[in-house]
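> Give me a 3D structure for the following:
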Amino acid sequence: MREYVCDCNIIHEDVVNTTKKKINDIDIFSDVSNFFKVIGDLTRIKILYALDNNEMCVCDIASTLNMSKSLISHQLKVLKDNKIVKYRKQGKEVYYLLDDDHVKDIIDIAFCHINHKR
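So this is what the prediction gives:
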């Protein structure tokens, strides 16, 4: 475990000062942290994976995940409130999809990273 400890007492002022300037915006760090908390739920990540290349209604998602429509609806509301998914109406049907390509990229990269480590 010792190899992970820095034994020097040198502070690299330029690196520290540059990094401190980047970290000063606490609001963005709070938002990013919240984003990962929201997608960190097992059911929600399954929903996001299902929506990665598809628009799906609640019934389709519930059937895909073998879960109740009410549970899926609740999780979709959390995702929608956090601007991670959006929806479109077609008649009486409501279809959910990822909010934008950034969300898609994050999901794709996460799965690529995990599959790379396996």
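> Report the separation between Val94 and Lys83.
17 Å (Cβ to Cβ, to the nearest Å). C-betas here are computed from N, CA, C, even on glycine.
> between these two, which one's more packed in?
Shown here are Val94 and Lys83; by other Cβ atoms under 10 Å, Val94 has more neighbours (16 against 12).
> which helices and strands sit right next to the helix or strand hosting Lys77?
Assigned by DSSP states H and E, Lys77 falls within helix 69-81. For helix 69-81, the elements it packs on are helix 42-51, helix 58-65, strand 85-90, judged by 3 or more Cβ pairs under 8 Å, 6 or more residues apart in numbering; DSSP states H and E.
> which residues touch it?
Identification of contacts with helix 69-81 by Cβ atoms under 8 Å, 6 or more residues apart in numbering yields 38, 41, 43-44, 47-48, 58-59, 61-62, 65, 85-87, 96.
> Return the set of buried residues in it.
Of all the residues in helix 69-81, those buried under the rule 16 or more other Cβ atoms under 10 Å are 72, 75-76, 78-79.
> could you list every residue that touches the residue nearest in space to the middle of the chain?
The residue lying closest to the centre of the chain (Cα atoms, centre = their mean) is Ile39, at 3.8 Å. Counting by Cβ under 8 Å, 6+ apart, Ile39 makes contact with 45, 48, 84, 106-107.
> just those residues now: which is nearest Asn115?
Ile107 (12.5 Å; Cβ to Cβ).
> And the host helix or strand of that closest one, what does it pack against?
Ile107 belongs to helix 101-117 when assigned by DSSP H and E. Judged by 3+ Cβ pairs under 8 Å, 6+ apart, helix 101-117 is in contact with helix 42-51.
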